[in-house]
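Asks: sharing a model prediction with you, sequence too.
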Amino acid sequence: MKKTDSPGFILKLRWSLPWLTRYPMWRLREAVRRSTEVTGPKHFIFVVANHFEPGWNERGLTLDWKTVLSRVENWCERARSLGDAFRDCDGKAFRHTYFYPIEQYHSRVLDKLAELQMDGFGDVEMHLHHGVERPDNEANLRKTLQDLRDILAEEHRLLSRRKDDPSPMYAFVHGNLALANSAGGRFCGVDSEMEVLAETGCYADFTLPSWPDESQVGHINAIYQCSRPLHERSPHSNGKDLCIGERPVLPILFTGPLVFDWRRRICGLPIPRVDGGALASNYIPSVERFDRWRSADISVKGRPEWVFIKLYCHGFFPSDQETLLGEPIRRFLGELLEMADQNDQCTMRFTTAREAFNIVMAAVEGHGGDPGLYRDYWLRPIMNAGMEQTYREEIAVAAS
């Protein structure tokens, strides 16, 4: 369920201290790095993590399935139109990754999203709200993730696999942002959640940033792996950034930008606003925001020319849908692609969570050049029937 409590300014500030105190030093390090690093053209790789919750409205009320299905059908129709209108330098449609809340499973809704994925307008990954009424436990969490993972993979041909392993793998977003029991014991209850995610096939978590929530950690603007044991509470609070030549322990943490917007003025004084990459009606996308997102310079260390911009939204907040599907996003995408067309020093690519992860792993393993070549580098979609046969043949060869 959606959270109904609204913490005050002082509490939010206290929760934000871990990253706020590190922010000036992070900015200084980035300035030094950019002044000494020699790079070529920049490749900007966009991911939109849609916390896709069609079964709820903005007040957290549960809707009937007839209404839910109608909303999903309307969304899919508009998402196709948007994707057809705006394609990147590889010809790929602008699309979201739909992190579907598995506690809201409904076969017909997932069938609609599977059709959308099959047509190239967005992948489906896993989202879970748990521990809301009372703390969850490790055994129940593991069973929940395994059961719904297998349903998505076997009944809907969703999720992905490695070329040498038939086990389904998935990306994850934690409901209520409480990854690995990081929200003071609320909305989770399982300290060892990161370990359970690893054991059930999660390759990357896309929950962060979670500002202004209590669960926001101090490690910001990075693609990184946990530096503490996965069975501990909030092991991702500290981490090591991914770099060329060092294969990470999965799941990795794939964060979006968390930067300051200094445009606001009160009595002539600059009053900062935090930009965490949210796409919403009260913070519409713009070229100015793109400049801030790119300034976060989220990349694999040693491959700074591949810059990842992970944004997020709640697709079924009625107040946000026009921003996500209508004129605001269309204006932004048009300006963004026009800017790239006129500048031979940058390219724009629209990717899913899986594709972005594959590009990250290609960078880790030393590949460079055109990142679009690595969309299917490490994980491939289960959905592609022809690819399924290739999987079986490759697995048989590996086993022999």
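Replies: Done, it's in.
Asks: in the stretch 51-200 of the chain, which spans are helices?
Replies: Secondary structure of the stretch 51-200 of the chain (DSSP state H, counting those that start in this stretch): helices located at 65-85, 107-118, 138-156, 193-199.
Asks: how about JSON lines for these, with mean pLDDT, distance to residue 319 and mean neighbour count added?
Replies: Just so you know, the C-beta spots here come from the backbone N, C-alpha and C atoms, and that holds for glycine as well. Formatted as JSON lines, the helices of the stretch 51-200 of the chain follow (pLDDT from 0 to 100; distance: least, C-beta to C-beta, whole Å; neighbours: other C-beta atoms under 10 Å):
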{"stretch": "helix 65-85", "mean pLDDT": "94", "distance to residue 319": "14", "mean neighbour count": "16"}
{"stretch": "helix 107-118", "mean pLDDT": "95", "distance to residue 319": "22", "mean neighbour count": "17"}
{"stretch": "helix 138-156", "mean pLDDT": "97", "distance to residue 319": "29", "mean neighbour count": "17"}
{"stretch": "helix 193-199", "mean pLDDT": "98", "distance to residue 319": "31", "mean neighbour count": "22"}
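Asks: out of these, nearest to residue 279?
Replies: helix 65-85 (12.5 Å; C-beta to C-beta).
Asks: so residue 125 bridges to which residues?
Replies: Note on residue 125: beta-bridge partners by DSSP bridges are residue 99.
Asks: contacting residues for it?
Replies: 97-100, 159, 170-173, 206, 353-354 (C-beta atoms under 8 Å, 6 or more residues apart in numbering).
Asks: let's go with 10 Å and repeat that
Replies: 49-50, 52, 97-100, 152, 158-160, 169-173, 202-204, 206, 352-354 (C-beta atoms under 10 Å, 6 or more residues apart in numbering).
Asks: quick check: ChimeraX command selecting the buried ones in the residues you listed.
Replies: Applying 16 or more other C-beta atoms under 10 Å to the contacts of residue 125 leaves a buried subset, and the ChimeraX line that selects it is:
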select :49,50,52,97,98,99,100,152,158,159,160,169,170,171,172,173,202,203,204,206,352,353,354
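Asks: give me the neighbour count for residue 282.
Replies: For residue 282, the neighbour count with other C-beta atoms under 10 Å is 8.
Asks: that one contacts residue 328, correct?
Replies: No - with contacts counted by C-beta atoms under 10 Å, residue 282 stays clear of residue 328, the gap being 11.3 Å.
Asks: any shared contact partners between those two?
Replies: residue 320.
Asks: so for residue 345, which of the helices of the stretch 51-200 of the chain sits nearest?
Replies: Closest among these, using C-beta to C-beta: helix 65-85, at 25.2 Å.
Asks: now the angle from that closest one to helix 107-118?
Replies: Helix 65-85 and helix 107-118 are oriented at 0 degrees to each other (axes from the mean of the first three to the mean of the last three C-alpha atoms, to 10 degrees).
Asks: can you show me the helices along the stretch 201-350 of the chain?
Replies: 287-295, 318-325, 327-341.
Asks: export the ones you listed to a markdown table and tack on distance to residue 34 and mean neighbour count?
Replies: Formatted as a markdown table, the helices of the stretch 201-350 of the chain follow (distance: least, C-beta to C-beta, whole Å; neighbours: other C-beta atoms under 10 Å):
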| stretch | distance to residue 34 | mean neighbour count |
| --- | --- | --- |
| helix 287-295 | 9 | 16 |
| helix 318-325 | 31 | 17 |
| helix 327-341 | 20 | 15 |
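Asks: closest one to residue 13 among those helices?
Replies: Among the helices of the stretch 201-350 of the chain, helix 287-295 sits nearest to residue 13 (C-beta to C-beta), with 21.1 Å.
Asks: can you give me the angle that closest one makes with helix 327-341?
Replies: Using the same axes, to 10 degrees: helix 287-295 against helix 327-341 is 60 degrees.
Asks: pull the CA atoms of helix 287-295 into PDB?
Replies: Output in PDB follows, covering the C-alpha atoms of helix 287-295 (Å, rounded to 0.1, in the frame of the first residue of the first chain):
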ATOM      1  CA  VAL A 287      16.400  20.300 -21.000                       C
ATOM      2  CA  GLU A 288      17.400  22.200 -17.900                       C
ATOM      3  CA  ARG A 289      16.700  19.100 -15.800                       C
ATOM      4  CA  PHE A 290      18.600  17.000 -18.300                       C
ATOM      5  CA  ASP A 291      21.700  19.200 -17.700                       C
ATOM      6  CA  ARG A 292      21.400  18.500 -14.000                       C
ATOM      7  CA  TRP A 293      20.900  14.700 -14.500                       C
ATOM      8  CA  ARG A 294      23.900  14.500 -16.800                       C
ATOM      9  CA  SER A 295      26.000  16.400 -14.200                       C
END
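Asks: quick one on the thing from earlier: redo the helices of the stretch 201-350 of the chain as TSV? Include mean pLDDT and distance to residue 62.
Replies: Shown next, in TSV, are the helices of the stretch 201-350 of the chain (pLDDT from 0 to 100; distance: least, C-beta to C-beta, whole Å):
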stretch	mean pLDDT	distance to residue 62
helix 287-295	96	33
helix 318-325	93	15
helix 327-341	97	28
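Asks: out of those helices, which is closest to residue 307?
Replies: Here helix 287-295 is closest among the helices of the stretch 201-350 of the chain (C-beta to C-beta), at 6.0 Å.
Asks: what about the closest one, distance to the chain center?
Replies: 18 Å (C-alpha atoms, centre = their mean, to the nearest Å).
Asks: for it, packing partners?
Replies: helix 23-36, strand 42-51, strand 259-261, strand 273-275, strand 306-313, helix 327-341 (3 or more C-beta pairs under 10 Å, 6 or more residues apart in numbering; DSSP states H and E).
Asks: any idea which of these scores lowest on pLDDT?
Replies: When mean pLDDT is averaged over each of the helices and strands packed on helix 287-295, helix 23-36 scores lowest at a mean of 83.
Asks: and that one, how far from the chain's centre?
Replies: So, by C-alpha atoms, centre = their mean, the centroid of helix 23-36 is 25 Å from its chain's centroid.
Asks: all set, thanks.
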